[in-house]
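Q: Here's a sequence, model it:
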Amino acid sequence: MSLHPNILIADDHPLFRIALKQAIGLAFSGANIREAGSIGDVHDLMGQGESYDLLLLDLQMPGAHGFSGLIYLRGQYPEVPVVMVSGNDHNKVIAKALNHGVSGFIPKSTNLSDIAEAIKNILGGAIWVPSGFEPYTQNIQDEEMSIAETVTRLTPQQFRVFTYLSEGMLNKQIAYEMDVAEGTIKAHVTAILKKFGTYSRGHLIIAAQKLEAEENAL
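A: Numbers count the residues shown, from 1 in each chain. Here you go, the predicted structure:
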């Protein structure tokens, strides 16, 4: 385990990013830390070629819904361990995160010294979960696994479009948000539908809902 790990903090709340930086400082005084406030920022930073030893990822991030951001980033950068950080620490949520490949789950209520210890353990190869976690025995359903696998095959632009589609946005609205021609969005939608094996935009919304993290959706 390096005394100078490269760690990427992905959280849209600046104050919590500061808290995580403090915790990392307790664990490694010489850590190299980068910060991101959205899934797009994470992808841009990780796509620059720098090697990261750990990604601390907020569950609810701009640019994704529920576990879709985790699933997409795990598919794009499978060599980078991911720790899910969230205020939603229900057993089912933690279990679902583990099933989607995280190396740990840190509730946002965890004190700084315990976060520091968790990060050291994870970088040492351990899987870390909060002490009160009770394993949830229900595995991810085949349908959800199929959806997750399809999400990992989306290109960065297709993933952005998929996220907007899951919000029920029209092609014209998505084109405006992405500052591209509406025809470009239509082409992306067609490609996304083909990858999901459907002709229905409604199916994409349902697929996205399968990856939500709310307790009542699990």
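Q: check which helix or strand covers the residue most central in space within the chain.
A: The residue lying closest to the centre of the chain (Cα atoms, centre = their mean) is residue 70, at 2.4 Å. Assigned by DSSP states H and E, residue 70 belongs to helix 68-76.
Q: Can you name the next helix or strand after that helix?
A: Next along from helix 68-76, by DSSP H and E: strand 82-86.
Q: Packing partners of that following strand?
A: strand 54-58, helix 68-76, helix 91-99, strand 104-107, helix 112-123 (3 or more Cβ pairs under 8 Å, 6 or more residues apart in numbering; DSSP states H and E). From N, CA and C alone the C-beta is placed, and that goes for glycine too.
Q: one step back: averaged pLDDT, the helix holding residue 70. What do you get?
A: For helix 68-76, mean pLDDT is 91.
Q: and that helix, what other elements does it pack with?
A: Judged by 3+ Cβ pairs under 8 Å, 6+ apart, the packing partners of helix 68-76 are helix 39-46, strand 54-58, strand 82-86, helix 142-152, helix 156-166.
Q: Mind putting the ones you listed into TSV with distance to residue 65, mean neighbour count and mean pLDDT?
A: Formatted as TSV, the helices and strands packed on helix 68-76 follow (distance: least, Cβ to Cβ, whole Å; neighbours: other Cβ atoms under 10 Å; pLDDT from 0 to 100):
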stretch	distance to residue 65	mean neighbour count	mean pLDDT
helix 39-46	10	20	90
strand 54-58	13	25	95
strand 82-86	14	24	94
helix 142-152	11	16	85
helix 156-166	6	21	91
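Q: just so I know, which of these lies nearest residue 4?
A: Nearest of those to residue 4, taken as Cβ to Cβ: strand 54-58 at 12.4 Å.
Q: Can you tell me the strand partners of the closest one and which way each runs?
A: Partners of strand 54-58 in the sheet, by DSSP bridges, are strand 6-10 (parallel), strand 82-86 (parallel).
Q: just the angle between it and helix 112-123, please?
A: For strand 54-58 against helix 112-123, the angle by axes from the mean of the first three to the mean of the last three Cα atoms, to 10 degrees is 130 degrees.
Q: Let's see strand 54-58 as CSV, backbone CA atoms only.
A: Included here for strand 54-58 are C-alpha records, laid out as CSV according to Å, rounded to 0.1, in the frame of the first residue of the first chain:
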residue,chain,number,x,y,z
LEU,A,54,-9.3,4.7,-5.1
LEU,A,55,-12.5,6.5,-6.0
LEU,A,56,-14.7,7.8,-3.2
LEU,A,57,-18.1,8.1,-4.9
ASP,A,58,-21.3,9.7,-3.5
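Q: secondary structure class for the residue sitting furthest away from the middle of the chain?
A: Taking Cα atoms, centre = their mean, the residue of the chain most remote from its mean C-alpha position is residue 183, at 28.8 Å. Put simply, residue 183 is helix when judged by DSSP: H, G, I helix; E, B strand; the rest coil.
Q: For residue 131, pull up the helix or strand it's in.
A: Per DSSP H and E, there is no helix or strand for residue 131.
Q: how deep is the residue lying closest to residue 16 once chain neighbours are set aside tucked in, by neighbour count?
A: Nearest-residue entry for residue 16: residue 108, 6.6 Å, with adjacent residues in sequence omitted and distances by Cβ to Cβ, 6 or more residues apart in numbering. Using other Cβ atoms under 10 Å, residue 108 has 17 other residues around it.
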